[in-house]
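S.K.: dropping the sequence and predicted coords here.
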Amino acid sequence: MSLITCPECSGSISDKAIICPHCGIPLQNTSINPIPSRPSRKGRRRRPNGSGTVVKLSGNRKKPYQVRVNTRLDDRGYPVFDVLGSFPDKVLADIALADYNRNPYDINLRDLTFKEVYRKWYIRKFKADPDRKGMKSGSEYNYRAAFKRCYKLHDIKYSDIRTPEMQEILDDPSTSHACTEYVSLLLKSMGKYALEFDIVSKDYSQFLQMNKDEDDEPAVPLTHDDIKKLWDHRFNVPFADTILIYCYSGWRITELTSMPMENINLKNRTFFGGMKTDAGKNRIVPIHPIIYDFVKKRYDAGFPSLILHDFNVPITKAKYRVYFEQALKSCGISEKHTPHDCRHTFNSLLDSANVNRVCKLKIMGHAGDGINERIYTHKDIEELRNAVEKVWIP
């Protein structure tokens with residue numbers, strides 16, 4: 001042991017001392033035994049092989065600390081790194097690398113655009129190329145239309161898209177309620193896909209809200225006289241039968257055109273489907289006896305939809321709307337109607353028949369006002385069938 005001089009009081013002290021016994025100052029804050037600005041490499045724990053590294057880049061940079069991760073091997077079997085990101089200080093870089101190692105993902109997937117993710121999602125869902133030629137199912141047609149509505153997002157990196165950008169698409173006043181429903185379904189389905197395959201670390205689509213009224217399309221229900229005209233021409237006017245199916249089932253046009261054939265049970269005489277709200281999804285609607293023969297005749301597993309075919313070839317939903325208008329005119333109905341009017345027609349028929357309110361809500365896929373109607377009141381299929389069969393028939 002040797003003696004040194006305290007720089008504060010000039011007293012003689014041991015070179016091993018931590019605090020001066022004369023003046024009491026801590027010596028590690030002095031030039032005698034300064035605290036190191038960074039821990040020495042000796043004793044620092046080395047990262048496991050393959051867990052990535054933090055590299056300080058040369059030059060004057062705002063974010064000099066680059067995080068690199070090993071994601072693949074080259075042709076010689078040597079690891080190849082990808083850049084996770086750059087950070088302003090080493091602490092943030094270390095945190096980012098630690099987060100990545102807790103849940104590794106393919107860095108390259110984070111650069112996919114909305115359009116590229118859509119393509120991958122589409123192929124997985126429909127087992128087909130979205131750009132292929134030829135007729136597509138009703139469900140494919142609707143999702144493709146929804147994708148076109150998202151044109152503002154097409155070329156944006158998917159991992160950079162947040163809820164506000166997607167919500168803006170849903171709130172577009174020029175988009176109908178039916179189309180908005182499919183846009184919402186598309187965004188949420190893509191969000192789940194992207195989360196499943198580590199394209200994103202958080203699914204922002206789950207926070208989307210449907211802000212449009214449920215039935216925003218102007219509705220003019222068909223009258224009893226209109227229904228009678230359809231019934232009188234059911235055999236000689238193409239697609240008159242489909243209008244009666246809509247009028248006596250209450251489905252939205254999108255719900256029925258995209259309903260898989262296996263969801264139509266001819267033995268139990270029920271439809272199963274729905275969309276949009278919790279009350280509207282996965283609901284069972286009995287097939288009214290007046291339309292059962294129409295449903296049975298149109299039921300063909302060779303077609304993707306009960307409605308979208310002319311018994312020979314499939315048709316698009318846009319083409320169906322044309323046939324819908326032609327059928328009304330051919331039956332002598334001059335007032336303009338839309339397929340959505342048929343849903344209001346069925347609702348009116350249920351009202352006129354004094355059908356139990358809860359039964360009507362469940363058939364139409366509406367949520368009740370009170371907690372008893374929404375949660376605690378249950379109706380079995382026979383009660384719903386009795387309610388449906390109360391409505392007026394020509």
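M.R.: In hand now; what should we look at?
S.K.: okay, and for this structure, where does confidence drop off?
M.R.: Within the chain, the segments meeting pLDDT under 70 span 1-2, 7-9, 13-50, 71-72, 103-108, 134-138, 212-218, 276-281, 366-379.
S.K.: can you pull out the strands in it?
M.R.: Taking DSSP state E to define them, one finds strands in the chain at 3-5, 12-14, 53-56, 65-73, 79-87, 264-265, 270-273, 283-286.
S.K.: how many residues are close by Ala353?
M.R.: For Ala353, the tally of surrounding residues (other CB atoms under 10 Å) stands at 14. Yep, even glycine has a C-beta here, placed from its N, CA and C like the rest.
S.K.: doesn't Val391 make contact with it?
M.R.: Yes - under the criterion of CB atoms under 8 Å, Ala353 makes contact with Val391 at 4.8 Å.
S.K.: list the buried residues of the longest helix seen in the chain.
M.R.: Among the segments of the chain that qualify as a helix by DSSP state H, the longest is helix 177-196. Buried residues in helix 177-196, counted by 16 or more other CB atoms under 10 Å: 177-187, 189-191, 193-195.
S.K.: likewise for stretch 238-249?
M.R.: For stretch 238-249, burial by neighbour count (16+ other CB under 10 Å) applies to 239-249.
S.K.: could you do stretch 301-311 as well?
M.R.: Result for stretch 301-311 [16+ other CB under 10 Å]: buried residues 303-309.
S.K.: out of the residues you listed, who's nearest His340?
M.R.: Nearest to His340, judged by CB to CB, of the buried residues of stretch 301-311 is Ile307 at 13.8 Å.
S.K.: for the chain, what spans make up the helices?
M.R.: Ranges of helices within the chain are 90-102, 114-126, 138-149, 163-170, 177-196, 224-232, 240-247, 253-257, 289-298, 317-330, 339-352, 357-364, 371, 381-388, based on DSSP H.
S.K.: which one of the ones you listed lies nearest to Thr53?
M.R.: Proximity to Thr53, assessed across the helices of the chain by CB to CB, is greatest for helix 90-102 (7.8 Å).
S.K.: elements contacting the closest one?
M.R.: Counting contacts by 3 or more CB pairs under 8 Å, 6 or more residues apart in numbering; DSSP states H and E, helix 90-102 packs against strand 53-56, strand 65-73, strand 79-87.
S.K.: I'd like those as TSV, with mean neighbour count and distance to Thr316 appended.
M.R.: Shown next, in TSV, are the helices and strands packed on helix 90-102 (neighbours: other CB atoms under 10 Å; distance: least, CB to CB, whole Å):
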stretch	mean neighbour count	distance to Thr316
strand 53-56	14	55
strand 65-73	17	43
strand 79-87	16	43
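S.K.: could you dump the ones you listed to a markdown table with distance to Ala219?
M.R.: Listed next are those as a markdown table, based on distance: least, CB to CB, whole Å:
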| stretch | distance to Ala219 |
| --- | --- |
| strand 53-56 | 62 |
| strand 65-73 | 55 |
| strand 79-87 | 52 |
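S.K.: which one, of those, ends up nearest to Asn268?
M.R.: Of all the helices and strands packed on helix 90-102, the one in closest proximity to Asn268, counting by CB to CB, is strand 65-73 (52.2 Å).
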